[in-house]
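Asks: sequence and computational prediction follow.
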Amino acid sequence: MNEVGQLTGPLDAAGLAVLIARLAGIADEMGVVLRRSAISPNIKERADCSAAVFTASGELLVQAEHIPVHLGAMPLAVEAAIGDCGDAVRAGEQIIVNDPFRGGTHLNDVTLIAPVHKAGGERIGWVANRAHHNDVGGTAPGSMPADATHIAEEGISLAPCVLDPATEHEFVAASRTPDERRGDLAAQIGANRVGAIRLAELAGAPFGEIVDYGERRMRAAIRAIPDGRHVFSDTLETRTGDLAVRVTVTVRGDAIEFDFRGTAPQQDGNLNAVRAVTLSAVAFALRSVTDPTIPANGGALRPVRVVTEPGSIVDAQFPAAVAGGNVEVSQRVADVCLGALAGFMPTRVGAASQGTMNNVLLGGQFGDGRAWVYYETIGGGQGARPGRDGMSGVHTAMTNTLDTPVEALERAYPLRVRRYALRRGSGGAGHRDGGDGIVKDIEVLTPATCTLITQRRAHGPYGLAGGDPGRPGENWYLPGGDEARAQRLDATSTLELRPGDVVRIVTPGGGGFGPAKRVTG
């Protein structure tokens, strides 16, 4: 440590821990700034945003414990940004990208990337954050139309470019809610500015040692897994039938491979995930079952090989629609990875959690003609774990957001929450029971368009070690709020609502673990 408190030179174990903590604190502070400055309830209340810090070459250095599907994909966005704009971006400028085929996830997730320089001008790293913008254009409010077959139908797509006033205007003008977009974008800019100031204070610190440490920790964790191969498959539900998601996991020494060959080809609809999303799910699953204290950096991913077939639903190619892939295929990829890893480590992996984000999008106009768009993902049941029941009514796997508080939702939108409760008994039975899902009734007070993108409506989350599956979810439309006229909806639906209509989302329970004790006689 030098005279101003900077960590320099080779580090001992204590120095390494201190440097990691200081860097992680930068990412945490960026997230706090972003949430407190944002305009939309989706970012401010639900925390649908993430932040991370990168080395000068673009390798992930640290991340905050935010959204797994954001963070695992962000390195590819930074790589694309450096490749396209690294020589053009100057100190104080930022790069914007949301193109799913250039490291993005879906168009709503907008990433801002800023270079960090030390005194004298040498670049020492990058800071980045990603936030879900409620509406970026497209054919339906919320930019996740259920019937999309082409990426252009989902909104504006920005390849990596330096964010200037013209680009900002183009992005904001594409949205139904331009003022909200402008405010949320400003929050992202501010978060990166704070991160850049903090990272510059650590100029000269041996960042490479942190990344190498992550690799050593992950290789040691993989060596502790028995060599072998396990296969696991599960399904995604569509109106025309089930789609297979299949993985073969192979462990050899200190390396591991996730091979998704045999997974269904990309679809005409939006249930397609780009490769960046699949990498996110792999990283989440592996870190969950090895040692969550392993630093989540680029080094920890060096021993991991991911094989995908271009043109499959886990490696979709342009011009596929991808909104459902980010939110739903990611969940199933995590499920199959965890299922395969249970074959290696049966005492470290729990049953399947709800396996869906239960996406609800509503949009219309206020009485004065201004547009509004509401987006939310709704929690459900966590899978039971060895020695412990699953938690109820929580977000699981690839999402790590909160539910929007009822008070905030009703204040911001012409909506009323009629019911918000746990779905008792929906968790799968077992020696340990799965957690329960949620029932949420939302009434619209003005005409609105509703889009639902959900999964696990036909097949419940799987149990493990003899446990029962959790109960599947349900979607309902109640005209005028009338229970007698309730209509069951498909897993993916778009419908027009009139004032007084109610949408009911019933989320899945988690799977059970171990054989249930059956009552006889």
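Replies: It's in.

Asks: sketch out the low-pLDDT regions of the chain for me.
Replies: 1-9, 518-521 (pLDDT under 70).

Asks: quick check: longest helix of it.
Replies: Ordering each helix of the chain by length in residues (DSSP state H) puts helix 13-37 first.

Asks: show me the contact partners of the helix or strand that it is followed by.
Replies: Next in sequence after helix 13-37, counting helices and strands by DSSP states H and E, comes helix 41-44. Helix 41-44 has contacts (CB atoms under 8 Å, 6 or more residues apart in numbering) with 34-36, 38, 48-49, 131-132, 134, 184, 187, 374-376, 404, 408-409, 412. Yep, even glycine has a C-beta here, placed from its N, CA and C like the rest.

Asks: do that again at 7 Å, thanks
Replies: Contact with helix 41-44 is made by 34-35, 38, 48-49, 131-132, 134, 184, 375, 404, 408-409, 412, as judged by CB atoms under 7 Å, 6 or more residues apart in numbering.

Asks: filter those residues down to the buried ones.
Replies: With burial judged by 16 or more other CB atoms under 10 Å, the buried subset of these is 34-35, 38, 48-49, 131-132, 134, 184, 375, 404, 409, 412.

Asks: in strands, which of the residues you listed appear?
Replies: 49, 131, 132, 375 (DSSP state E).

Asks: got those residues as JSON lines, with distance to residue 159 columns?
Replies: Listed next are these as JSON lines, based on distance: CB to CB, whole Å:
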{"residue": "49", "distance to residue 159": "21"}
{"residue": "131", "distance to residue 159": "18"}
{"residue": "132", "distance to residue 159": "19"}
{"residue": "375", "distance to residue 159": "24"}
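
Asks: now for those: which two are most distant?
Replies: Greatest spatial distance in these: 49 and 375, 12.9 Å, computed using CB to CB.

Asks: which residue, other than its chain neighbours, is closest to the most centrally placed residue in the chain?
Replies: Nearest to the mean C-alpha position of the chain, by CA atoms, centre = their mean, lies residue 69 at 3.0 Å. Closest residue to residue 69 apart from its sequence neighbours, by CB to CB, 6 or more residues apart in numbering: residue 398 at 4.2 Å.

Asks: from residue 397, how far off is residue 427?
Replies: Distance, residue 427 to residue 397, by CB to CB, to the nearest Å: 16 Å.

Asks: how about the contacts made by residue 265?
Replies: So residue 265 contacts 311, 312, 313 (CB under 7 Å, 6+ apart).

Asks: counting neighbours, which of the residues you listed end up buried?
Replies: Using 16+ other CB under 10 Å, the buried ones in the contacts of residue 265 are 312, 313.

Asks: nearest to residue 325 among the contacts of residue 265?
Replies: Looking across those and measuring by CB to CB, the closest to residue 325 is residue 313, at 6.8 Å.

Asks: quick one: the closest one and residue 329 touch, right?
Replies: Yes - the pair residue 313 / residue 329 is scored as a contact, 5.8 Å apart, by CB atoms under 7 Å.

Asks: what sits in contact with each of the two?
Replies: 271, 272, 273.

Asks: of those residues, grab the buried ones for ChimeraX.
Replies: Per 16+ other CB under 10 Å, the buried members of those correspond to this ChimeraX selection:
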select :271,272,273
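
Asks: now the shared contacts of residue 313 and residue 329 in a markdown table, with secondary structure?
Replies: As requested, the shared contacts of residue 313 and residue 329 are exported to a markdown table (DSSP: H, G, I helix; E, B strand; the rest coil):
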| residue | secondary structure |
| --- | --- |
| 271 | coil |
| 272 | coil |
| 273 | coil |
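
Asks: just give me the closest of the shared contacts of residue 313 and residue 329 to residue 448.
Replies: Out of these, the member with the shortest distance to residue 448 (by CB to CB) is residue 271, at 23.9 Å.

Asks: hmm, that closest one is touching residue 313, no?
Replies: Yes - applying CB under 7 Å, one finds residue 271 in contact with residue 313, separated by 6.4 Å.

Asks: what touches both of those two?
Replies: 325, 329.

Asks: picking up where we left off before, which one of the contacts of helix 41-44 sits closest to residue 145?
Replies: residue 375 (13.0 Å).

Asks: what's opposite that closest one in the beta bridge?
Replies: Beta-bridge partners for residue 375, by DSSP bridges, are residue 361.

Asks: on that earlier part again, ok, the shared contacts of residue 313 and residue 329 vs residue 115, which is closest?
Replies: residue 273 (29.4 Å).

Asks: so that closest one is in contact with residue 323, correct?
Replies: No - using CB under 7 Å, residue 273 makes no contact with residue 323, being 10.2 Å away.

Asks: the stretch 201-350 of the chain: helices as residue ranges?
Replies: Secondary structure of the stretch 201-350 of the chain by DSSP state H, counting those that start in this stretch: the helices cover 207-223, 275-289, 323-324, 330-344.

Asks: and residue 256, bridged to which residues?
Replies: residue 251, residue 304.

Asks: who touches it in this structure?
Replies: 222, 249, 286, 303, 304.

Asks: now do residue 40
Replies: Applying CB under 7 Å, 6+ apart, the residues contacting residue 40 are 134, 180, 184.

Asks: same question for residue 22.
Replies: Contacts of residue 22 (CB under 7 Å, 6+ apart): residue 202.

Asks: mind jotting down where the helices sit in the stretch 401-521 of the chain?
Replies: 406-412.

Asks: before we move on, back to that, and for the residue nearest to residue 69, the neighbour number?
Replies: 28 (other CB atoms under 10 Å).

Asks: so residue 266 touches residue 320, yeah?
Replies: Yes - contact criterion CB under 7 Å: residue 266 and residue 320 qualify, at 5.1 Å.

Asks: give me the common contacts of those two.
Replies: Shared contacts of residue 266 and residue 320, counting by CB under 7 Å, 6+ apart, come down to residue 272.

Asks: domain ranges for this protein?
Replies: Taking automatic domain parsing as the domain assignment, the ranges for the chain are 13-205, 214-349, 350-521.

Asks: for the helices of the stretch 201-350 of the chain, which one sits closest to residue 147?
Replies: When those are ranked by proximity to residue 147 (CB to CB), helix 323-324 comes first, at 11.0 Å.

Asks: so what touches the closest one?
Replies: Under CB under 7 Å, 6+ apart, the answer for helix 323-324 is 106, 144, 148, 154, 269, 270, 271, 453, 492.

Asks: change it to 8 Å
Replies: Counting by CB under 8 Å, 6+ apart, 106-108, 143-145, 148, 154, 269-272, 453, 492 sit against helix 323-324.

Asks: repeat that for stretch 346-353.
Replies: Stretch 346-353 has contacts (CB under 8 Å, 6+ apart) with 234, 289, 335, 338-339, 341-342, 380-386, 390, 396-397, 428, 430, 434-435, 461-465, 467, 469-470, 510-513.
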